[in-house]
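>>> what's the 3D shape of this:
(one chain, ligands or ions: 2)
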Amino acid sequence: MKDALVVAKEFFDLPVEEKERFYSEDPNLISCVVKTSIDFPKEKFHFWRDTLRHRTHPLEDHIHLWPENPARYREVFGPYSVEVRNLGLRILDLICEGLGLESGYFRGPLSEGQLMLVNHYPPCPDPTLVLGLPKHGDPHLITLLNQGGVPGLQVWKDEQWVMVEPIPNAFVVNINHMLQIISNGKLRSAYHRVVTSSNVARTTVACFILPSKDILIEPAKSLVTELRPPLYESFISGDFESIYINHTHEGKDPLEHLMIRS
Ligand SMILES: O=C(O)CCC(=O)C(=O)O
Ligand SMILES: [Fe+2]
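Numbering: from 1, shown residues only. Ligands and ions are numbered 1, 2, ... in the order given. This next block holds a predicted model:
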């Protein structure tokens, strides 16, 4: 976990020319891109974050697209993403058991994808003016966040922001929107944001486990009963991205949009 943060920081310490080779604002380009803020050309407010985003699974389909500089990038993040995936799938198996779903429910197409975001928040001259990331829930199934030792992540709990204090060598695991839908509201997506700091840079590595693009996402059949009808409409996984982005940009909750009102 430490090596991942070291290499992540080394990437953002590279000269701009080295990083801008990956820079793109094309939302359809998912191979390996560097971005700043969230959607720089369209958003009303910019956020104090740079990010490197790429797919990680299956490794052999993606690793050749990742940065070659720092020299250890692929060497460290290859095994790292495999290990994080194994851990994520084990957590999903436990969630599956906890929800009383048939064993292996999340194995296969529901967890076929994996995405990694290396986030970098440089020191900010005035943290009262800008956030690193605004309030949001992650769209997929679960997030495993390696947040290192620098505080900055806050979670929305009991109507207030609570700092998630870094714990050495521990992942922050977030329930995501699609898991809330599949669990028919039994599990809640964690709303969070990132605050900035004036004196220290913060680098984090977030891995998301997500469904393949073409499958139907809906409340699990065994969690829908007469007493507990489906709370959300079903949709094709790949269509969620645009609903998520449009709503999150407007400060609205994408889950509200999919809610079935009786
Ligand atoms: O950097 C962090 O602490 C959180 C990052 C995050 O929320 C995200 O990448 O979705
Ligand atoms: Fe997030």
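>>> which parts of the protein sit against ligand 1?
117, 119, 133, 138, 145, 147, 152, 153, 192, 194, 204, 206 (CB under 6 Å from any ligand atom). Quick note: C-beta positions are derived from backbone N, CA and C, even for glycine.
>>> list the contacts of the first one.
By CB atoms under 8 Å, 6 or more residues apart in numbering, residue 117 lies in contact with 51, 52, 53, 205, 206, 208.
>>> returning to that earlier point: of all the residues of the chain next to ligand 1, which comes closest to residue 3?
residue 204 (14.3 Å; CB to CB).
>>> helix or strand right after the helix or strand containing the closest one?
Assignment of secondary structure by DSSP states H and E places residue 204 within strand 202-210. The first helix or strand that comes after strand 202-210 along the chain, using DSSP H and E, is strand 216-217.
>>> strand partners of the helix or strand that that next one is followed by, parallel vs antiparallel please.
Counting by DSSP H and E, the next helix or strand C-terminal to strand 216-217 is strand 235-236. Sheet neighbours of strand 235-236, with direction, are listed as strand 216-217 (antiparallel) (DSSP bridges).
>>> what's the average pLDDT for the strand it pairs with?
Averaging pLDDT along strand 216-217 yields 96.
>>> what's the answer for stretch 64-78, then?
Per-residue pLDDT over stretch 64-78 has a mean of 96.
>>> where along this structure do the helices fall?
2-12, 16-20, 59-62, 73-99, 177-182, 240-249, 254-258 (DSSP state H).
>>> and among those, the most buried is which?
Each of the helices of the chain was assessed for mean neighbour count using mean count of other CB atoms under 10 Å. The highest is helix 177-182, with a mean of 24.
>>> quick one: distance of it to the chain centre.
With CA atoms, centre = their mean, to the nearest Å as the basis, helix 177-182 stands 14 Å off its chain's centre.
>>> shaky segments in the stretch 101-250 of the chain?
Low-confidence segments of the stretch 101-250 of the chain, defined by pLDDT under 70, are absent.
>>> residue 148 is in contact with residue 171, correct?
No: the pair formed by residue 171 and residue 148 falls short of the contact definition of CB atoms under 8 Å, at 11.2 Å.
>>> report the strands that pair with the strand holding residue 204, each with its relative direction.
Paired with strand 202-210 in the same sheet, following DSSP bridges, are strand 113-121 (antiparallel), strand 142-146 (antiparallel).
>>> the shortest one vs helix 2-12, what angle?
Put plainly, it is strand 142-146. 80 degrees (axes from the mean of the first three to the mean of the last three CA atoms, to 10 degrees).
>>> show residues contacting strand 142-146.
Contacts made with strand 142-146 from outside it, assessed by CB under 8 Å, 6+ apart, are listed as 1, 4-5, 84, 87-88, 91-92, 95, 153, 171-176, 179, 204-209.
>>> switch to 7 Å and redo it
1, 4-5, 84, 87-88, 91-92, 171-176, 179, 204-209 (CB atoms under 7 Å, 6 or more residues apart in numbering).
>>> contacting residues for the residue in the stretch 51-200 of the chain that ligand 1 sits nearest to?
The minimum distance from the stretch 51-200 of the chain to ligand 1, using CB to the nearest ligand atom, falls at residue 153 (3.8 Å). When contacts are counted by CB under 7 Å, 6+ apart, residue 153 touches 147, 164, 172, 192, 194.
>>> need the max-distance pair from these.
The two members of the contacts of residue 153 with the most space between them (CB to CB) are 172 and 194, at 11.7 Å.
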